[in-house]
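Visitor: Have a look; sequence and predicted model below, questions after that.
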Amino acid sequence: MTFHPRLGCSSISFRHLPLSGALETMAGLGFAEMDLGALPGVCDHVPFHLDDKAVAAVGREVSGSGLAVRSINGDIGDLNRPLDVQARAGRARHLEMLLSLAVRTGARALVLPCGALSHEPLSSLERDLDLVAAELAAAADAAAAAGVELWTESLHFFRLCWNLDRARQLTARLEGTEVGVV
């Protein structure tokens, strides 16, 4: 079985397996390119508490699989939640490590979600969408500095932008930024 080279598979589809098993399964199915799941509580193929050692270990394992990495599907927290200085530093550090992993694996992009795991805004829909757009734009700047694109899943049923109307509103706020939309 041979797939079109642009057709990839997400390791999230095999989240029940350890990373090595997911990589082996995708390669065995004939995929050449993948999306690497780094979503705490959903897919633990990438440790949530990333440091240089974890980035190197995951990078080695992925490189050894022979699969190319198109994107890393990560999460740096609820982008519609205002942060204090300490939480902001933690978010920045996690973003830095995900970008480091993207560079290490040759990923084209880091994919971030469109808000918290809730349909309900934390403040108001307008303010939450403004904050999500601002956080994504800032993350896109950091990604560009690392030579990586930043994409968002602007429509995600389990997140703030769970329907087409909200996804459109977020996408409109991202006009003029470097944030790509999945």
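Guide: Okay, I see it.
Visitor: where along this protein do the helices fall?
Guide: Assigned by DSSP state H, the chain shows helices spanning 19-28, 52-65, 85-105, 125-146, 164-173.
Visitor: what's the distance between the last one and the middle of its chain?
Guide: Its chain's average C-alpha position is 19 Å from that of helix 164-173, according to Cα atoms, centre = their mean, to the nearest Å.
Visitor: and if you look at the longest one?
Guide: Helix 125-146 sits 13 Å away from the centroid of its parent chain (Cα atoms, centre = their mean).
Visitor: What of the third one?
Guide: In terms of Cα atoms, centre = their mean, the centre of helix 85-105 is found 11 Å from the chain centre.
Visitor: angle of that helix against helix 125-146?
Guide: Angle of helix 85-105 versus helix 125-146, following axes from the mean of the first three to the mean of the last three Cα atoms, to 10 degrees, is 50 degrees.
Visitor: How about the last one?
Guide: Taking the same axes, to 10 degrees, one finds helix 164-173 and helix 125-146 inclined to each other by 50 degrees.
Visitor: Adding mean pLDDT, write the helices of the chain out as CSV.
Guide: Below are those laid out as CSV (pLDDT from 0 to 100):
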stretch, mean pLDDT
helix 19-28, 96
helix 52-65, 97
helix 85-105, 97
helix 125-146, 98
helix 164-173, 98
